[in-house]
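>>> Sequence and computational prediction follow.
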Amino acid sequence: MRETSLATLLDKLPLQDGLTVSFHHHLRDGDAVMNMVLEALKERGLKDIHLSASALFPVHTAAAEAIREGRIKDVTTNYMNGPAASLVSKGYLAGGIVMQTHGGRARSLINKERPVDIAFLAASAIDRDGNATGSFGKNPFGSMGYAVEDAKHAAVTVIVTDTVLDKTLSEPEISAQDIDHHLVVAAIGDAKGIMSGTLEVTKDPVGKRIARDAVRLLDALGVFQDGVSFQSGAGGVSLAITEGFNRILEERKLTASFFSGGITRYHVEALEKGLVERLYDVQCFDDAAVESLAKNERHIAISASRYANPENTGRIIKDLDVVILGASQIDRDFNVNVTTDSYGKIIGGSGGHADTAEDAKLSVIVGPLFRGRTPLIADRVRTITTPGRDVDCLVTERGIAIHPSRKDLMEILCEKGFPFYSIEELQEISHRFTGRPVEAERKERIGYVESRHKEELDSLHKIKEE
Amino acid sequence: MARSYLFIPGNVPRMLTNADVFEADALIIDWEDAIHANEKDEARELTIAYLESHRPENTRVYVRINSDEELIAKDSEALKGKDVDGIVLPKASRATLSLYEKLFSDKEPFPVIALVETPAAFFELGEIAAHERVHALFLGGEDFRTAIGAERTENAEELLFARNMVVLAAKANDITAIDTPFTSLKEAGLEEDCRRGKALGFDAKSAIHPDQIASINRIFSPAKKEIREAKRILKRHEEEGSMRFSLDGKMVDRPIIERAKRLLEKARLYGMTDSEDDR
Amino acid sequence: MKKEIITGSLESSDCLIRVSPAEKLEIELETVVREGFYEHIKNLLEETAKAEGAKRVRITCKDQGALDYTIKARLQVALRKFKEEGHG
């Protein structure tokens, strides 16, 4: 059924208190769909909503408002920052917060662990047969990887779009058979907003040093070979490493087998230069990636389940050789926190962090030993996002540490005379600059971090109101 | 034997704190041009506090002091007994050197890197280079260019004569020659400018931004070919047990052997002796 | 005689110090690393002020994540200039 009025559509949907609604975050900070729907649900007076979103950004002010007013009771997400995250940290949810991973969310949707009543999924276009895509249209955002399992497993699936194509798509990402309703609106948001966060190679000379050393480390470990597979995020340092990685492939005339995860123009350049055979794209981080996905056959959109679901034996990242990941904190057991700051305030979340760290043969954490005066290395991270057993190396501007269980890596480095430290030594170096911070006390529990395998990894706690 | 000398403004905590991670062989903490007249006291205090608590271990540290008498006096007072490898003396001349001698009257005055940047200095260059405290000559191309009213050309032709003079005066006195920094922040042109300096005989180059260090270090390191050649010369020298022999039909004698030794020492210092086995 | 001396800046990893006359030693601190370092920085300011013999001054510090050496240097210069201006 195709509708043009959200109000008319809502009349047809099974609305009730305690409803679980889901959204994807492919439009990132340019999304208008979640706000639109939550405002309409407010008019209907719905209470105790369970918000299941693959991620929440600063643009999601209606979510923040619903949390403040107590209409949203529970939140399940993989990443959140902005006002909604801040209110959750301050304890505004009557229910709780569960922070999942991208792979874990796919698993839980498929297994109907937290069944979704209605999925409201932005698509940049639908075709005349009702199939949906993230390419083409007024606000193209590329891959719809995080929405695929919602469409298949929600009780009701609503596709929200602003473009209807007068043709049939050859490769729609969401098939008409998984869609119950189509809602055509004026705008699903602003596709320029997908370029939020750091999407340029870092200009910070400290970040550049970290990137150089990370590439040197990969080289010393013999990573650069034909067929290598690689993933890095969209942070400035990660992109500098991607750039260095590509440069070596080019100099040595090597071809990587695939790059996966979030895709940027740096990944697209490598594809177009023939430095990598395929891009497995679960989300596009810039317009170059969006354009490339629409035209390059070897640039392939994948679902979150194909990307990282631990119960999917065909998941892409099980073949990943190297992943580069960031950290807000790391501790002496190599546990990594990207969920909260050092004092417990939610500022992000795993996304694919814990998924790729577990699956990749080599997971490398990169970050400065201290930001301002806040040290990276703690005795114990405030919140475990990724367990230390899944982390192999830490690269900082003042030294590299190897997880004690990776004797094999240490041997290779010793043989090459490549210097490294213990993580305790690196912590000691950072404390010489910053001193040791006082640990903030943990107040009441507001929820937890869930591993991709559904275990509770760590608890989340309320922080003080400013 | 440093390859790169990186300027760090003396009053910016973020730059000072991280000065050790930019991979420069030597740092020049600047109290002169980078510091506004009413921030001189703050820069001195901050630099000294930094050096006392976080002086980098494996990097040489110099301070570029000021050039007028009143400020030099305060600079010398602040640096007394501090752990620095030397000072960079701006607008080096007979006059500024004697001012330096007067005001830095310690038992062991700091070694001086003489910043040659005024036209007049070129007429005293032999004397400056021969001064017992002067350990290096450093061409300040930017001020020099302005002082002589020259235009900036693509190949830095306007600096060629000055570069030749600085190298000659340094080498005649067996001291180090440091090339002027590349002052465009665009990356393009830096490598060429480094190569130009190295070809003219400079031992090292200064940098005004951390991003310039990687190129400078690479270009001012001994080349793989040079290392291989030096190793062959020394191997043959050991086999022959002589200071004079022929290799590939060319005569090798003492200066060539000494140069090969120096080159390998430099290569070893920068961890490059095995580099030809890589890749 | 200047009423107030200002040193440092609001750049990241720096701090802005203001020193002005007061009845006794007063220290006011605002810092971006409040949770981890408030007490530590407060003590550092107090010790530095005492070591410089500052008695009737009001010190305000707006800290942007500066390390100890920076905070100390900024305060020392401010207090010395304050003295040079003829304040007690």
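Done, it's in. Residues are numbered from 1 along each chain as shown, chains lettered A, B, ... in the order given.

>>> how near is residue A:395 to residue A:73?
41 Å (CB to CB, to the nearest Å). (Each C-beta comes from the backbone N, C-alpha and C, glycine too.)

>>> Could you check which of those two is surrounded by more residues?
When neighbours are counted by other CB atoms under 10 Å in any protein chain shown, residue A:395 and residue A:73 differ, and residue A:395 comes out ahead with 25 against 18.

>>> Does that one belong to a helix, a strand or coil?
Assigned state for residue A:395: strand (three-state reduction, DSSP: H, G, I helix; E, B strand; the rest coil).

>>> What separation do you get for it and chain C?
Distance of residue A:395 to chain C, computed by CB to the nearest CB, to the nearest Å: 21 Å.

>>> so that residue touches residue A:217, yeah?
Yes - assessed by CB atoms under 8 Å, residue A:395 is found in contact with residue A:217 at 6.0 Å.

>>> what about the strands in the stretch 201-350 of chain A?
A:229-232, A:256-263, A:276-284, A:299-301, A:322-325, A:329-331, A:336-337 (DSSP state E, counting those that start in this stretch).

>>> if I pick residue 58, what's in contact with it?
Defaulting to chain A. A:29, A:81, A:82, A:83 (CB atoms under 8 Å, 6 or more residues apart in numbering or on different chains).

>>> that's the wrong chain, I wanted chain C
C:19, C:20, C:21, C:22, C:26, C:28.

>>> Swap in 6 Å and give it another go.
C:20, C:22, C:26 (CB atoms under 6 Å, 6 or more residues apart in numbering or on different chains).

>>> Nearest residue to it in space, ignoring adjacent ones along the chain?
residue C:22 (3.8 Å; CB to CB, 6 or more residues apart in numbering or on different chains).

>>> how close does that neighbour sit to chain A?
27 Å.

>>> tell me the pLDDT at that residue?
In this model, residue C:22 is scored at 95, pLDDT.

>>> count of neighbours near the residue of the stretch 151-279 of chain B found nearest chain A?
Nearest residue of the stretch 151-279 of chain B to chain A: residue B:210, at 3.7 Å (CB to the nearest CB). Neighbour count of residue B:210, defined by other CB under 10 Å: 23.

>>> how close does it get to residue C:36?
28 Å.

>>> what do you get for residue A:186?
For residue A:186, the distance to residue C:36 equals 47 Å [CB to CB].

>>> Pick out whichever of these two has more residues nearby.
Per other CB under 10 Å, whichever of residue A:186 and residue C:36 has more neighbours is residue C:36, with 21 against 8.

>>> For the residue most central in space within chain B, give the beta-bridge partners.
Nearest to the mean C-alpha position of chain B, by CA atoms, centre = their mean, lies residue B:178 at 4.0 Å. Beta-bridge partners for residue B:178, by DSSP bridges, are residue B:138, residue B:204.

>>> for chain C, what are the low-confidence residue spans?
C:1, C:88 (pLDDT under 70).

>>> residue ranges of the helices in chain B, please?
Counting by DSSP state H, one finds helices in chain B at the ranges B:13-17, B:40-54, B:69-79, B:94-103, B:125-130, B:141-148, B:160-172, B:190-200, B:213-219, B:224-240, B:254-269.

>>> Starting from residue A:437, give me the distance back to the residue of the stretch 151-279 of chain B closest to chain A.
For residue B:210, the distance to residue A:437 - CB to CB - is 28 Å.

>>> Now for residue A:180, how many residues are close by?
Using other CB under 10 Å, residue A:180 has 16 other residues around it.

>>> Does it touch residue A:156 like I think?
Yes - contact criterion CB atoms under 6 Å: residue A:180 and residue A:156 qualify, at 5.1 Å.

>>> Name the nearest residue to whichever residue of the stretch 151-300 of chain A sits closest to chain B, sequence neighbours excluded.
Ranked by CB to the nearest CB, the top residue of the stretch 151-300 of chain A for proximity to chain B is residue A:205, at 3.7 Å. Among residues not flanking residue A:205 along the chain, residue B:210 sits closest, at 3.7 Å (CB to CB, 6+ apart).

>>> you'd agree the one you found is up against residue B:21?
No - if you go by CB under 6 Å, residue B:210 and residue B:21 don't touch, sitting 8.5 Å apart.

>>> what about the helices in chain C?
Using DSSP H, helices in chain C cover C:34-51, C:68-84.

>>> Over to chain A?
A:6-12, A:33-43, A:61-68, A:83-89, A:102-110, A:148-153, A:205-220, A:236-251, A:265-272, A:287-295, A:304-308, A:353-359, A:407-416, A:423-434.

>>> hang on, the earlier thing: which among the contacts of residue A:58 gets closest to chain B?
Of these, the one sitting nearest to chain B (CB to the nearest CB) turns out to be residue A:81, at 24.4 Å.

>>> dump the residue contacts of that closest one.
So residue A:81 contacts A:347, A:348 (CB under 6 Å, 6+ apart).

>>> Now residue B:269: closest residue in space, sequence neighbours ignored.
residue B:1 is the one closest to residue B:269 (CB to CB, 6+ apart), at 6.2 Å.

>>> okay, now the one you found: neighbour count?
13.

>>> Mind pulling the model confidence for it?
On the pLDDT scale, residue B:1 gets 77.

>>> what separates the residue nearest to residue A:205 from residue B:221, distance-wise?
For residue B:210 relative to residue B:221 (CB to CB), the value is 18 Å.

>>> residues in chain C within reach of chain B, list them.
Contact residues (CB under 6 Å from any CB of the partner chain) of chain C with chain B: C:7, C:13, C:14, C:66, C:69, C:70, C:72, C:73, C:76, C:77.

>>> Most widely separated two among those residues?
For these, the farthest-apart pair by CB to CB is C:13 and C:76; their separation is 17.8 Å.

>>> Return the residues in contact with the most far-flung residue of chain A relative to its centre.
Within chain A, the residue lying farthest from the chain centre (CA atoms, centre = their mean) is residue A:415, at 36.5 Å. Shown here is residue A:415, which makes no contacts under the criterion CB under 6 Å, 6+ apart.

>>> Quick check: it vs residue A:217, distance?
For residue A:415, the distance to residue A:217 - CB to CB - is 14 Å.

>>> which residues touch residue A:293?
Taking CB under 6 Å, 6+ apart, one finds A:142, A:281, A:299 in contact with residue A:293.

>>> what do you get if the cut-off is 8 Å, keeping everything else the same?
A:135, A:142, A:143, A:263, A:281, A:284, A:299, A:301.
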